[in-house]
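J.: turn this into a model:
(chains A and B)
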Protein chains: 2
Amino acid sequence: MKKRHERTIYLEDKPRHEALQECLTFIDQQKKTTEVLPVAEAMGRVTATPIFAGVSNPHYHASAMDGIAVEANRTQTAHESRPLHLKNGADFAYVDTGHAIPSPFNAVIMIEQVNEAGDDVLEIIEPAVPWQHIRPIGEDITYGEMLLPQGHQIRPVDAGALLGAQVLDVEVKQKPKVAIYPSGNELIQPDQKAEPGKLIEFNGTIFSGMVESWGGIPMLKPIVRDDREKIRQALIEGTTEADIVLINAGSSAGSRDYTKDVIEELGEVWTHGIATRPGKPVIIGNVNDTIVMGVPGYPVSAYFVMEWFVEPMIHAWNGQPTPVKPVMNVIAGRRMTSNMGSEDFVRVHIGKVGDQYIANPLSRSASVTMSLVKADGIVTIPPEHLGVEQGDLVEARLLKPKEQLDLTTLFSGSHDLSIDILSSVMKESDGVSSITPSHTGSLAGLIALQRGEAHIAGIHLLDPATGEYNDSYIRKWLKDLDIIKLPFLRRSQGLIVPAGNPEHIEGIEDVTREGIHYINRQKGAGTRVLFDHLLKKHEISPDQLEGYRREMYTHLSVAAEVMVDHHSCGMGIYSAAKAVGADFIPVGDEQYDLIMTKTFYESERGQKLYQALRSEEFKHKVESLGGYSVNENVEPVAIEN
Amino acid sequence: MKKRHERTIYLEDKPRHEALQECLTFIDQQKKTTEVLPVAEAMGRVTATPIFAGVSNPHYHASAMDGIAVEANRTQTAHESRPLHLKNGADFAYVDTGHAIPSPFNAVIMIEQVNEAGDDVLEIIEPAVPWQHIRPIGEDITYGEMLLPQGHQIRPVDAGALLGAQVLDVEVKQKPKVAIYPSGNELIQPDQKAEPGKLIEFNGTIFSGMVESWGGIPMLKPIVRDDREKIRQALIEGTTEADIVLINAGSSAGSRDYTKDVIEELGEVWTHGIATRPGKPVIIGNVNDTIVMGVPGYPVSAYFVMEWFVEPMIHAWNGQPTPVKPVMNVIAGRRMTSNMGSEDFVRVHIGKVGDQYIANPLSRSASVTMSLVKADGIVTIPPEHLGVEQGDLVEARLLKPKEQLDLTTLFSGSHDLSIDILSSVMKESDGVSSITPSHTGSLAGLIALQRGEAHIAGIHLLDPATGEYNDSYIRKWLKDLDIIKLPFLRRSQGLIVPAGNPEHIEGIEDVTREGIHYINRQKGAGTRVLFDHLLKKHEISPDQLEGYRREMYTHLSVAAEVMVDHHSCGMGIYSAAKAVGADFIPVGDEQYDLIMTKTFYESERGQKLYQALRSEEFKHKVESLGGYSVNENVEPVAIEN
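T.: Residues are numbered from 1 along each chain as shown, chains lettered A, B, ... in the order given. Below is the predicted model:
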């Protein structure tokens, strides 16, 4: 067995801009080829040469108006007091816009300025100026004129101008081919059965979509197994067929080393490790006069590495600038820590609360693809900073248009599936309105509302003293605010156990049994408050429970954990149990309310949300999840403090 | 014959936003269909339903590190002073990142924190916390979680998340089909021979490209002739096959009427004429429960009508917002007049001179496609304004990224083909640098430089008193500025005559002959100065010349006019004659210089231009045009005033 702790030492981490500059210098010197395409197929492509007009447009003296063509010098006597009569055929000809001016005519009089004066006879009361209302030859396009320069990306209107000049084919740059090799023994294709230890390969599809959107040709290859010889073959094949070769690292330390070793064997390694988080374990070099990159395996690292290196390389290949990404100043809603010495890229939710844009970090883990799917923006923390404090003004790169962020409602509080449904119903209505949820738990939701970091909070907080939900907490935590409560939902809470209930759990008292693993929720979550209340009622100490200290943040996480451990059990809502196919032992119904300030409720966003909440579509979709009862005619309840 | 002056009266022109709102209300109520696609093919498409995860990712307890899996409760005694020995197989198992944690282990210790202590024996000096370095089930994607809402446009990273959750197919909205019917008796396809009176059809290709870029499916149909029955058939076919039908108006007044009449016969007309310039003669209605539009024939009018109506309709169909177009404040470099009562859309060049962005109008004619190809932006003049005065601050919608405008050099002055070549060479070098030319004539170029409306001027001004070029004019017109002159070009001036020289013109004295049409250049053009000087020398009065008062703005325009009139002749440079295949009678060589301020010359843009001017590529390309001699080692000449 290999001594696993003899690890590859990374070369000193390089700043990513330095690593990129080496790539761009290399790309700049590479030979590029061109191809000739029919104009209609060349849209979006980049001209390889300047393009000159082959004909003029118009290529004849064309009438610019509907009217009559005349000889200007024969109209000089026309006057209001002495109208001039013109005979069709001899003195004038009818012309429509675009018609050729018949010889010997050299001016056009608009039809509105002539009067009938008999059969085929017209009268005019004003002389014509030579060449009036006649388009000069080449008014639009002049024969020999340069229509498009070299290095110009052809838009639809450019294609029209080319055809108008009878340029039918055009020489354009060939797009760079990017070969993509997923590698790793643990990888399976998305349609294969996912056994434990097997990871679904999907980075290749992300890479392909990115490459295509940037103007390259993706070549997605089959999965390469962790084998030095196989990786060697892939590199040789890729560098023969493509202009840029990507090996997406397998998870094993071995496969990452193979990529570096083989590049060194066949060519040279320029960069091994860059000073970023995520994205650090990148390998860049050249084999066969072609750039090869070892892209990290975790999807978030991979995504950034693609944007930092592959996007500018493709644009440089095509001779185009990389589009500048839109940025905006935002206020950090929470602290974001960072390591000194590396650039840190934090995915954030962004929402407009009052006049400020608030950014809250999503999962920092490089393995969480959904942190990119859900992100509104990316905050970069420079290498010389230790992080960002709450309230700091920072720059975020936007992943959504600013106009869309203005219409986003920030949710904080207890996780419930109905919030996603509500967001989807709103989004469907206009394509932009939506809810951005932070699953912080009920109590944290109220605090976020109080701090102005969220627009709405979803809570289900039992007051053990009264047995009632929510109101006492609202009065305590939001005491200086005029609050609106929308009591829209009742839901069934209970114990979630594996399908078939193998441990025969029937109630709270069973979770203390030896060998039962309890899956707990985080402090401040309504479900945690309920569970702790039930433990107290049953006089059970948390120390009697195995797993009490490990915390999950959503109902679905609890349900998903339960499903892979036959001896486990957790507390959550019925719909989460149903979603994963777990069994459910009901404990009772609870009230889940949406809380917001009166100001937000009365705003356009607030009213849109309220309408969606009362819609048939919402009620139907939520109730079909199971375990829910949606209040059909939810009325706002004012809680004035 | 039809009485051509009995014209259709336009319904009162409607504000375009009102006309659009009617279309969007109609689109909103139309039934949309969906289709199911494999995820990789669904990128860019819009989800028709919310999409939920079919599995968790990870779907098993996966190691987050390379290291060893242990039972946490069996490591509690480990301490620096009392290292704990673990045996491979019994007490631990090696795991790499992503590996499943084998039973009964429940924690991972990083490989960096273990030491070898014998064959298959490791030692640790710190206890493990349960679940440390183990990814929870569903850390990335939780079974049952909503991955994407309804109405979401799928990006590459979304596609990855779907596959990661083993969602292989996805239900998306069907794109709207847009049928495009070019109509008109005068239209020919771009590959047909262009006889006088025949116009090349290219709007259909522009429309197709636009529709596709906005997310619709273009269906470009063959040309429909100006015939009421044929237009009727097209409308019936189109409204059966497509979701939006466009009839691109023929040039005849008749065909424009047919479209309106037939829509009225088969359905209803909502809008006939909107209050804009260009774009006014638009017809909108519905036939067969499908939107039909008569789009104006002139390319510029058509382009705007497509953007105003078809773009938002396609986005609305797909349930997406229309992207907000970037705008910027600019200073009007020249006056732009407008009609009261209609919105006016002026295509402008934009360049940064000093700290200001200056906008200069291009051709206002709706038939000049190249005004769109060349435009950097569009200035909108509202209906209640009579225009914009020089120096006014106005808002321009940008057609190019602002960063690109910052790198654009504004040229004013005498037209020369070498300026386009120079721009193309610069653009090829970095994909963004370029020259935006205004063909104003030499003298106007000097005045633009003096006013700070251009960066460089191209001039060839003969001083009749000395027989020398340019310097006396620079001293007179730019007297307060430190000027750099780049004397890079000598070129051959002469008389341009039709191929074969049918009128046997041999010199200036021949242009006064009866029946010769002279094609003149505008006042202030260097060529005009030269020609007027030659007339004087030969004691010819301008009144002796037919055509002297009609003015062309470029050498190529003169050459193009000459080629369609056997009895004509004009003055211009050899390369223009050569470009169109005309004959050329040389009159003499002249010096063409580039003039700029010292400040601009020393700027980054100035130095880039200077380098391009000295390149082998530029010299080669210009000299191959013919009639040019490029100064190989052009040195800047300082003209201090």
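J.: interface residues of the stretch 451-600 of chain A facing chain B?
T.: By CB under 8 Å from any CB of the partner chain, the residues of the stretch 451-600 of chain A that approach chain B are A:549-550, A:552, A:554, A:556-557, A:559-561, A:563-564, A:576, A:579-580. For every residue, glycine as well, the C-beta is placed using N, CA and C.
J.: would you reformat these as a markdown table and include secondary structure, neighbour count and pLDDT?
T.: As requested, those are exported to a markdown table (DSSP: H, G, I helix; E, B strand; the rest coil; neighbours: other CB atoms under 10 Å in any protein chain shown; pLDDT from 0 to 100):
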| residue | secondary structure | neighbour count | pLDDT |
| --- | --- | --- | --- |
| A:549 | coil | 13 | 89 |
| A:550 | coil | 16 | 90 |
| A:552 | strand | 26 | 90 |
| A:554 | coil | 25 | 89 |
| A:556 | helix | 29 | 91 |
| A:557 | helix | 26 | 91 |
| A:559 | helix | 32 | 93 |
| A:560 | helix | 33 | 90 |
| A:561 | helix | 24 | 91 |
| A:563 | helix | 22 | 88 |
| A:564 | coil | 18 | 86 |
| A:576 | helix | 30 | 91 |
| A:579 | helix | 22 | 87 |
| A:580 | helix | 27 | 88 |
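J.: widest-spaced pair of those residues?
T.: A:549 and A:579 (25.8 Å; CB to CB).
J.: okay, now the closest residue to residue A:59 other than its chain neighbours: neighbour count?
T.: Using CB to CB, 6 or more residues apart in numbering or on different chains and skipping the chain neighbours, the partner closest in space to residue A:59 is residue B:194 (5.4 Å). Look at residue B:194: counted by other CB atoms under 10 Å in any protein chain shown, it has 18 neighbours.
J.: so residue A:609 makes contact with residue A:427?
T.: No: the criterion here is CB atoms under 8 Å, and residue A:609 misses it with residue A:427 at 11.8 Å.
J.: so where do the helices sit in the stretch 501-641 of chain A?
T.: For the stretch 501-641 of chain A, the helices defined by DSSP state H, counting those that start in this stretch occupy A:526-537, A:555-563, A:574-580, A:598-602, A:604-613, A:616-623.
J.: most neighbours per residue, which of these?
T.: Each of the helices of the stretch 501-641 of chain A was scored by mean neighbour count; the highest is helix A:555-563, a mean of 29, by mean count of other CB atoms under 10 Å in any protein chain shown.
J.: which residues touch that one?
T.: A:415-417, A:496-499, A:519, A:521, A:527, A:552, A:568-573, A:575-577, A:579-582, B:56, B:136-138, B:142-145 (CB atoms under 8 Å, 6 or more residues apart in numbering or on different chains).
J.: could you turn the buried ones of the residues you listed into a ChimeraX selection?
T.: Buried subset of the contacts of helix A:555-563, written as a ChimeraX selection, criterion 16 or more other CB atoms under 10 Å in any protein chain shown:
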select /A:415,416,417,496,497,498,519,521,527,552,568,569,570,571,572,573,575,576,577,579,580,582 /B:56,136,137,138,142,143,144,145
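J.: how far away is the spatially closest residue to residue A:506 that is not a sequence neighbour from chain B?
T.: Nearest non-adjacent residue to residue A:506, counting by CB to CB, 6+ apart: residue A:585, 6.4 Å away. As for residue A:585, its distance to chain B is 19 Å (criterion: CB to the nearest CB, to the nearest Å).
J.: repeat that for residue A:45.
T.: 12 Å.
J.: thought that residue was touching residue A:151?
T.: No: Residue A:45 is beyond contact range of residue A:151, at 11.2 Å (criterion: CB under 8 Å).
J.: could you check which of these two has the larger neighbour count?
T.: Neighbours were counted for residue A:45 and for residue A:151 using other CB under 10 Å; residue A:151 has more, 25 against 22.
J.: what sits against the residue lying closest to residue A:84 once chain neighbours are set aside?
T.: Excluding its sequence neighbours, the residue lying closest to residue A:84 (CB to CB, 6+ apart) is residue A:78, at 3.8 Å. The neighbours of residue A:78, taking CB under 8 Å, 6+ apart as the test, are A:84, A:124-127.
J.: most neighbours of all those, which one?
T.: Counting neighbours by other CB under 10 Å, residue A:124 leads these with 22 neighbours.
J.: quick check: what element follows the helix or strand where residue A:204 lies along the chain?
T.: Per DSSP states H and E, residue A:204 falls inside helix A:203-214. Sequence order places strand A:217-220 as the next helix or strand after helix A:203-214, per DSSP H and E.
J.: which outside residues touch that following strand?
T.: Contact with strand A:217-220 is made by A:175-180, A:204-205, A:207-209, A:211-212, A:241-242, as judged by CB under 8 Å, 6+ apart.
J.: can you name the next helix or strand after the worst-scoring helix or strand of chain A on mean pLDDT?
T.: Ranked by mean pLDDT, DSSP states H and E, the weakest helix or strand in chain A is helix A:253-266, scoring a mean of 83. Note on helix A:253-266: by DSSP H and E, the next helix or strand toward the C-terminus is strand A:267-272.
J.: so which residue of the stretch 1-150 of chain A comes closest to chain B?
T.: residue A:144 (2.8 Å; CB to the nearest CB).
J.: closest to residue B:592 out of the residues of the stretch 451-600 of chain A next to chain B?
T.: Nearest to residue B:592 among these is residue A:554, at 72.8 Å by CB to CB.
J.: hmm, that closest one is touching residue B:142, no?
T.: Yes: under the criterion of CB under 8 Å, residue A:554 makes contact with residue B:142 at 6.7 Å.
J.: need the residue closest to the centroid of chain A.
T.: Central residue of chain A (CA atoms, centre = their mean): residue A:399, 5.6 Å from the mean position.
J.: can you pull the poorly scored residue ranges out of chain A?
T.: Across chain A, the ranges flagged by pLDDT under 70 are A:1-12, A:250-256, A:641.
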